[in-house]
Each structure stands twice: as C-alpha cells, then as structure tokens.
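[1] no letters, just coordinates:
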Ligand SMILES: O=C(O)CCC(=O)C(=O)O
Ligand SMILES: [Fe+2]
C-alpha cells in the first residue's frame, strides 16, 4: 500500500525554492505584489459589513445536537469552529510554540531542513506556489511520517523534545479527526460501520494524515501581499489551530470572503475535497485564503486528514439514487493528489461525472463547474 509520503512523492509539484529573509525586507518586492492579479480583492470593505451578519458557526462538541449543527455548518459553509474538543490547551500551546521556534531560527539553519524537490516533508514555500505568478508572504514546514531527520538538522541537541510534541499532537488529532468524521457522517445518515475502511473497531485507525506548520511574517505592505492564495484542501477534513492573529478567510457563496476570527481554544475544521466527493456534493469543500498584517506574525498548524491513500473514495451509496446520481467518479487519495498537483483548483471538476442543472443532470459534463481561483 503506498504511504501518504509516497503518494505525495509520486506527484511532485514544481516549487523552486527561494529563500526570502522576510525580516530584512523593508518594502514589498515586486515578486510579492498581488495587486495586478484580476481577482485580488484583498481589503474588501464590503466584507466587513457582511461579517457582522454572517460568521462561521462555532459548535460545542458537548452539545447533544452537535452532529446536526455540524451538518448544517458543513452544508452552508463547508467550515466550522469547534470548542470543548478535549484537546489539552497545553498541547495546543506546545505545537504553536514549536512552530514559532522553528520559524524563528535563522534562515541558514532552516534551509538545512529544506523540502527536497521530490519530497513532501520539510521547510519551504507553499506547495500551491507553482500555480501562481506571484510569491506568497509565507513559509511552511510539512511533516509526513517522522520529523526526526529534519529536526536533527534544526535542533542537533534537543530534537527529541520537538519530535515528542509532534508525535503527541498527531495522536491526539487523529482521535479528534475520527470523532469529527463520525459526526459529519452521522449528519448525512451514514454510520462508521457503513465505511468499510474504518476498520473492525470503526476507529479509522488506517486513516492517513500530514501536519502543516504555517508562518506568515509581519509584512511592510499587507494590502498588496498574499499570505496563502485561495485553495481548497485535498483532505476529508482539516483541523486548524491558529494563534491569536486573524488572517484566515473563507469564501461563502453570496457573501464573499469572511474572516474566521481566532477564538481562544477553538479549532477550525474545513471540509476537504474528498469529503465533498463522499457527500456526493452536499458539503462544499471550502475555498480559503490567508491575508497578512503589518505588525504581527501569524502562525497556524493544519492537521490534514484523509483515508488510507489507496482506498477508493466515491459518493456514498446512501446518498446516491435515481434522483441523485453520483456526481463524482471514485478516486484514491493517492490519485487525487496527482490530479490536484496537475489541475489545482480545477481538480474536483476533473473527476466530476455530471452537473445538476435546474434539478436535471447533465451527465459527463466535467468542465462547467470549475472552481475559480480567488
Ligand atoms: O493558516 C491558515 O489559517 C490556513 C492554512 C491552510 O489553509 C493550509 O495549511 O492548508
Ligand atoms: Fe488549506
């Protein structure tokens, strides 16, 4: 069975590494200036008004109606925040501290852990960089499997301490992701027993995941820069821990870009492309982006959660019928990562079978419903 890192390695995205020392830049270099891109509506005053009437739902996992509320949030937003998730605050603080410590290392040190051209783990630009003509005000560190080799490079003396935090964070997030998966499936009338790959104990033990540490340095000209360009995640779901600096925005149809405010101890959960497919299009995978600011550095940690990389994912049988034909063909995560590496935000439409038109279905129309970038 190909592991997730093999799957990523099989589908490299061409990101040549540049090494900006963000702290030394007093002005925004032209290569980071996004203002002339046609859909670059960064500071959009309309958003501010709409935000007051529309905000990403916050769901208390202790609420007996959690599954129903999550279902509603997934259907309308494709994203929600969770509180009372039982992740110890100390662990959330530890992983934020780890990210902060890592990105504060001098450039010459970070470079030692650079992601290799055909690799997935390590330090570098956003994987989506190759799809955009401008650079993002961003640096990242991806962890798939053990971070030991890279951490040894970064912290020759005390790498073990950092590895332990990652290990603990991974295990804890895997549990939470399994729980959220069950709640989201339940909201669609699907039990975990209906998911064959969930395993005999239906705990999704074989699920795969990656950890993405993100840093958005303070920026001398934030209105013209982009932290992370609009994208959807290729996952079932993504659990995001953000520090207390806002910047994450999600797109909701009819509302435009809406900021997801950092809430103390809350975690953001995105519906990813694979859950969108599984839900037969009922839950949108949320388009999101990150803006930067002039004074404060923003950090986030994304837990990218999906199925075993060779399991076929398709619209669930319970959601398919004569009036609800499957909207997508089946794909493995491995194959989908390849599709994403090639088509980026048009990947979903490239595996689409048919498009609903006024309640009717246009079979095999794979081109009409492409997601626009930004
Ligand atoms: O930093 C954030 O808030 C979002 C990060 C993100 O979208 C990702 O890592 O895929
Ligand atoms: Fe994302």
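    In hand now; what should we look at? Everything quoted here is computed from the prediction, not taken from an experiment. Numbering: from 1, shown residues only. Ligands and ions are numbered 1, 2, ... in the order given.

[2] before we move on, what SS does the residue nearest the centre of the chain have?
    With distances taken as CA atoms, centre = their mean, the chain has residue 233 as the residue nearest its mean C-alpha position (4.3 Å). At residue 233, secondary structure determined by DSSP: H, G, I helix; E, B strand; the rest coil is coil.

[3] which residues of the stretch 151-300 of the chain lie near ligand 1?
    Along the stretch 151-300 of the chain, the residues adjacent to ligand 1 under the rule CB under 6 Å from any ligand atom are 212, 214, 228, 233, 240, 242, 248, 288, 290, 300. To be clear about C-beta, it is placed using only N, CA and C from the backbone, and glycine gets the same treatment.

[4] which stretches of the stretch 251-374 of the chain form strands?
    Taking DSSP state E, counting those that start in this stretch as the test, the strands found in the stretch 251-374 of the chain are 256-259, 267-271, 288-290, 298-306, 354-357, 360-363.

[5] so which of these is nearest residue 80?
    The closest approach between residue 80 and any of those, judged by CB to CB, belongs to strand 267-271 at 5.5 Å.

[6] what separates that closest one from the chain centre, distance-wise?
    8 Å (CA atoms, centre = their mean, to the nearest Å).

[7] for that strand, name the packing helices and strands.
    Strand 267-271 is packed against strand 79-83, helix 159-186, strand 237-242, with contacts defined by 3 or more CB pairs under 8 Å, 6 or more residues apart in numbering; DSSP states H and E.

[8] how about the ones you listed, which one is nearest residue 138?
    Ranking those by proximity to residue 138 (CB to CB) places strand 237-242 first, at 14.0 Å.

[9] I'd like the residues of the stretch 151-300 of the chain next to ligand 1 as CSV, with pLDDT appended.
    Output for these, formatted as CSV (pLDDT from 0 to 100):
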residue, pLDDT
212, 98
214, 98
228, 97
233, 98
240, 98
242, 97
248, 98
288, 97
290, 97
300, 98
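
[10] need the buried ones from the residues you listed selected in PyMOL.
    One line in PyMOL is enough to select the buried members of these, burial here meaning 16 or more other CB atoms under 10 Å:
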select buried, resi 212+214+228+233+240+242+248+288+290+300
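
[11] in the stretch 1-150 of the chain, what residue spans correspond to helices?
    Under the criterion DSSP state H, counting those that start in this stretch, helices of the stretch 1-150 of the chain are mapped to 4-10, 45-53, 66-76, 89-104, 107-110, 148-154.

[12] make a markdown table out of these and add mean neighbour count.
    Supplementary listing: these in a markdown table, determined by neighbours: other CB atoms under 10 Å:
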| stretch | mean neighbour count |
| --- | --- |
| helix 4-10 | 19 |
| helix 45-53 | 11 |
| helix 66-76 | 19 |
| helix 89-104 | 16 |
| helix 107-110 | 14 |
| helix 148-154 | 17 |
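
[13] now for the helices and strands packed on strand 267-271, which one comes closest to residue 98?
    Using CB to CB as the criterion, the shortest distance between residue 98 and the helices and strands packed on strand 267-271 is 5.2 Å, found for helix 159-186.

[14] any idea how far residue 237 lies from ligand 1?
    From residue 237 across to ligand 1, the span is 12 Å (CB to the nearest ligand atom, to the nearest Å).

[15] meant to ask about residue 323
    The span separating residue 323 from ligand 1 equals 35 Å under the rule CB to the nearest ligand atom.

[16] now swap in residue 342 and tell me
    According to CB to the nearest ligand atom, residue 342 and ligand 1 sit 18 Å apart.

[17] now residue 145
    The span separating residue 145 from ligand 1 equals 18 Å under the rule CB to the nearest ligand atom.

[18] again with residue 224
    Taking CB to the nearest ligand atom as the measure, residue 224 falls 19 Å from ligand 1.

[19] hmm, that residue is touching residue 36, no?
    No: checked against CB atoms under 8 Å, the pair residue 224 and residue 36 is beyond contact range at 9.4 Å.

[20] neighbour count for these two, which is higher?
    Comparing residue 224 with residue 36 by neighbour count (other CB atoms under 10 Å), the higher total belongs to residue 224, at 19 against 10.

[21] per-residue pLDDT of that one, please?
    According to the model's per-residue confidence, residue 224 sits at a pLDDT of 94.

[22] who's in contact with the residue of the stretch 101-250 of the chain at minimum distance from ligand 1?
    Here the stretch 101-250 of the chain gets closest to ligand 1 at one residue, residue 248, 3.7 Å apart by CB to the nearest ligand atom. The neighbours of residue 248, taking CB atoms under 8 Å, 6 or more residues apart in numbering as the test, are 240, 242, 259, 260, 268, 288, 289, 290, 300.

[23] now the helices of the stretch 1-150 of the chain as JSON lines including distance to residue 317 and mean pLDDT?
    JSON lines is the format used below for the helices of the stretch 1-150 of the chain (distance: least, CB to CB, whole Å; pLDDT from 0 to 100):
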{"stretch": "helix 4-10", "distance to residue 317": "25", "mean pLDDT": "69"}
{"stretch": "helix 45-53", "distance to residue 317": "38", "mean pLDDT": "48"}
{"stretch": "helix 66-76", "distance to residue 317": "18", "mean pLDDT": "98"}
{"stretch": "helix 89-104", "distance to residue 317": "37", "mean pLDDT": "98"}
{"stretch": "helix 107-110", "distance to residue 317": "47", "mean pLDDT": "93"}
{"stretch": "helix 148-154", "distance to residue 317": "41", "mean pLDDT": "96"}
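
[24] residues contacting the nearest residue to residue 89 once chain neighbours are set aside?
    By the measure of CB to CB, 6 or more residues apart in numbering, the closest residue to residue 89 outside its immediate chain neighbours is residue 265, 6.1 Å from it. Residue 265 makes contact with 83, 89, 92 under the criterion CB under 8 Å, 6+ apart.
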